[in-house]
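Asks: below: sequence and its predicted model.
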Amino acid sequence: MPDDARPLHRQQPRTPQKDAAELRLRLLQRLMTTQEPGTMVTRFYDGVAPLLSLKGLRYEAPVPGGIVDIGNTGRHQCDYALHGSGQHLGSLLFYRDRRFSELELARLEEWLSLLVVPLSNALNYQNAVRLASVDALTGLGNRAALDTALHRELRLAERCGSEFSLLLVDVDHFKQINDRWGHSRGDQVLREVGKSISHACRETDLVYRYGGEEFVVLLSGTDASGARIFAERLRHAVQTWVSDREQLSVTVSIGVSTRKPEGETSIHSLFDRADQALYRAKAQGRNRVAMELTCHTGEAPCIQAGLS
């Protein structure tokens, strides 16, 4: 057959099934380009809302504060609990102004099947990121999280010209607790110390386990005088809380440093000054608060003796 006599390749006619398959593929590709659950759910809604005349959506993730609201509520709603590989992925609530037919619910469930695997991967990723910054024993932020927070607080203080203070908290005679009562009891003491510190702090304060029996508290917008008052209150709160719950006499020593008004550019300097103050508090008998040395006198006028 001559070349010019060959039948031309004809494009296959489009069908509703083919169009739907392409839409699902495009949506799946969009879902897989993010590891943020809220962004993923928003993209899912943007893809399916026009197809099903949705008016709004609420997603409740299985993590604290994991709520995403999109659009508005409507007179009618349907909700789904999402599960994948034995994992609860949260719940979705869809709103619109007219009832969902059985056919529309079936279509919606087909679309939801696209969301399950990417959402599961995103939640697992977010959980891994969270665990990487959380101390496994106490549930507080760990040393890596502290380093990030210190840089953030310092940048904020530089930008706003504000002060913030750092408290370095050390459990007194902790080795004796481990030696006498065992490491399991010692771990429980550390958990209770962490709880007592968190309970005593304001919502704007940040608490971390630095390592071993040491904890760090960052006090935003707090000068040296305010930090000293808070540290003394914290020292008393820890002693009361832990001793009541563990039937042990547990005390802490606290070293305090504050960002210098003329500008603090070194996190290491801020931390080292708190560490030196903590050393003096322990050298003077423990169960007390010590402030950083003042630059012009070399004295520590704000040392507050604890009540034994």
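Replies: That came through fine.
Asks: got the contact list for the nearest residue to Leu82 once chain neighbours are set aside?
Replies: Of all residues not flanking Leu82 in the chain, Leu89 sits nearest, at 3.9 Å (CB to CB, 6 or more residues apart in numbering). Backbone N, C-alpha and C define where each C-beta goes, glycine included. By CB atoms under 8 Å, 6 or more residues apart in numbering, the contact set of Leu89 is Ala61, Pro62, Leu82, His83, Val116, Leu119, Ser120, Leu123.
Asks: what about dumping the CA coordinates of stretch 173-180 to CSV?
Replies: As requested, the backbone C-alpha atoms of stretch 173-180 are provided in CSV (Å, rounded to 0.1, in the frame of the first residue of the first chain):
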residue,chain,number,x,y,z
HIS,A,173,21.4,15.3,94.0
PHE,A,174,19.7,13.4,91.2
LYS,A,175,22.5,10.7,91.2
GLN,A,176,21.6,9.9,94.7
ILE,A,177,17.9,9.3,93.7
ASN,A,178,19.0,6.9,91.0
ASP,A,179,21.5,5.1,93.3
ARG,A,180,19.0,4.7,96.1
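Asks: contacts for it, please.
Replies: Residues external to stretch 173-180 that are found in contact with it (CB under 8 Å, 6+ apart): Val171, Arg185, Gly186, Val189, Gly212, Glu213, Leu248, Val250, Arg286.
Asks: buried set for that stretch?
Replies: For stretch 173-180, the neighbour count (16 or more other CB atoms under 10 Å) marks His173, Phe174, Ile177, Asn178 as buried.
Asks: test my guess that Arg228 contacts Gly255.
Replies: No: when contacts are counted by CB atoms under 8 Å, Arg228 is not listed as touching Gly255 (11.2 Å).
Asks: common neighbours of those two, please.
Replies: Val289.
Asks: what about those two, which has more around it?
Replies: Gly255 (25 against 22; other CB atoms under 10 Å).
Asks: OK, contacts around the more buried one?
Replies: 167-168, 170, 274-281, 289-290, 292.
Asks: measure the most centrally placed residue in the chain to Gly139 for me?
Replies: The chain has Arg130 as the residue nearest its centroid, 6.3 Å off, counting by CA atoms, centre = their mean. Distance, Arg130 to Gly139, using CB to CB, to the nearest Å: 11 Å.
Asks: chain center to the helix or strand containing Leu112, what's the gap?
Replies: In the assignment (DSSP states H and E), Leu112 maps to helix 102-132. Mean C-alpha position of helix 102-132 versus that of the full chain (CA atoms, centre = their mean, to the nearest Å) differs by 21 Å.
Asks: against which helices or strands is the helix or strand following that helix packed?
Replies: Sequence order places helix 143-160 as the next helix or strand after helix 102-132, per DSSP H and E. Using 3 or more CB pairs under 8 Å, 6 or more residues apart in numbering; DSSP states H and E as the contact criterion, the elements in contact with helix 143-160 are strand 164-171, strand 206-211, strand 214-220, helix 267-283.
Asks: mean confidence score for the one helix or strand Phe94 maps to?
Replies: According to DSSP H and E, Phe94 maps onto strand 87-96. Mean pLDDT, computed over strand 87-96, is 95.
Asks: pull out the buried positions in it.
Replies: Neighbour-count burial for strand 87-96, with 16+ other CB under 10 Å as criterion, is recorded at Leu89, Gly90, Leu92, Phe94, Tyr95, Arg96.
Asks: so who does the closest residue to the second one other than its chain neighbours touch?
Replies: This means Gly90. Distances taken as CB to CB, 6+ apart put Ala61 closest to Gly90, at 4.4 Å, once the chain neighbours are dropped. For Ala61, the contact set (CB under 8 Å, 6+ apart) comprises Pro37, Gly38, Ile67, Val68, Leu89, Gly90, Leu123.
Asks: surely the last one touches Gly38?
Replies: No: between Leu123 and Gly38 no contact is recorded; they are 11.0 Å apart, counting by CB under 8 Å.
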